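Colleague: below are the sequence and a predicted model for it; my questions follow.
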Amino acid sequence: AIELLFVFGFTDLGRWTDSVYADLASAERLSEQMRAYWTHFAKAGAPVRGAGRDLPEWRAWGEGDDRYLVFDTPADGGLRMADATVTVDDVIAKLADDARIPSLEQRCHVLRSLHQWSGELTPDRYAAFDDGACLEWPLELPVLAGL
C-alpha cells in the first residue's frame, strides 16, 4: 500500500517516508505524476497519459509486451512500462543489499512480513538468509514486533 503515500501526497512523514526515498523533490514529483494518472482514470476510465496528458502512456494490461507502469525517479529509470517478473529470490537478493534498510533486525522483519502476508517465503529460505542471521528473530514473531 505504499502507493497511498503518493496518491494522497503524503511525501514528508519523517521516519515513515525517509526510508522509502532519499530525495523529497523526486518523491513529490512522483506523487504529482501518480495523482495525474489516478485523476484521469477516475474521470475517463483509463489512466492513459495522466490528467495533463504529458506523461508516458500507461497502457492497459496485455497491450504489447510491457504489462505494468513503473513509478520511479529519473535517477532510477523514471516512469516506464515494464514486463519484468519479480520473484521471491529477487526480493531476497535486493533486501540483502538495500542500504535503505540499515539494520539486520529490520531486514528480518521485512522477510517475516513476506512470509506471513504472502506465504511465498519458506522457513528454509528465511533460515538461510545471510547465513542464518535472522534466526535471532523467529518467523513466528508478530510482523510489527519491535518496530
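Modeller: Yes, it's here.
Colleague: can you report how many residues neighbour Gly119?
Modeller: 8 (other CB atoms under 10 Å). No exception for glycine: its C-beta is placed from N, CA and C like everyone else's.
Colleague: can you give me phi and psi for Pro74?
Modeller: phi -60, psi -40 (degrees, to the nearest 10).
Colleague: what number of residues lie near it?
Modeller: Close neighbours of Pro74, defined as other CB under 10 Å, add up to 9.
Colleague: His109 - that's part of a strand, no?
Modeller: No: under DSSP: H, G, I helix; E, B strand; the rest coil, His109 sits outside any strand and is assigned helix.
Colleague: pretty sure it contacts Trp137?
Modeller: Yes: counting by CB atoms under 8 Å, His109 does reach Trp137; the two are 7.2 Å apart.
Colleague: give me the residue at the spatial middle of this protein.
Modeller: When CA atoms, centre = their mean is applied to the chain, the residue found nearest the centroid is Ile2 (6.4 Å).
Colleague: give me the next element, helix or strand, following the lowest-mean-pLDDT helix or strand in the chain.
Modeller: Least confident helix or strand of the chain, by mean pLDDT, DSSP states H and E, is helix 15-18 with a mean of 67. Downstream of helix 15-18, the first helix or strand assigned by DSSP states H and E is helix 24-44.
Colleague: strands of this protein, start to end?
Modeller: In the chain, the strands defined using DSSP state E lie at 68-70, 80-82.
Colleague: in contact with the spatially closest residue to Ala82 that is not a sequence neighbour, which residues are there?
Modeller: Counting by CB to CB, 6 or more residues apart in numbering, Ala82 lies nearest to Val70, which is 4.9 Å off, once chain neighbours are set aside. Val70 sits next to 77, 79-82 when contact means CB atoms under 8 Å, 6 or more residues apart in numbering.
Colleague: of these, just the buried ones, ChimeraX syntax please.
Modeller: In ChimeraX, a selection of the buried entries from those looks like this (16 or more other CB atoms under 10 Å):
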select :79,81
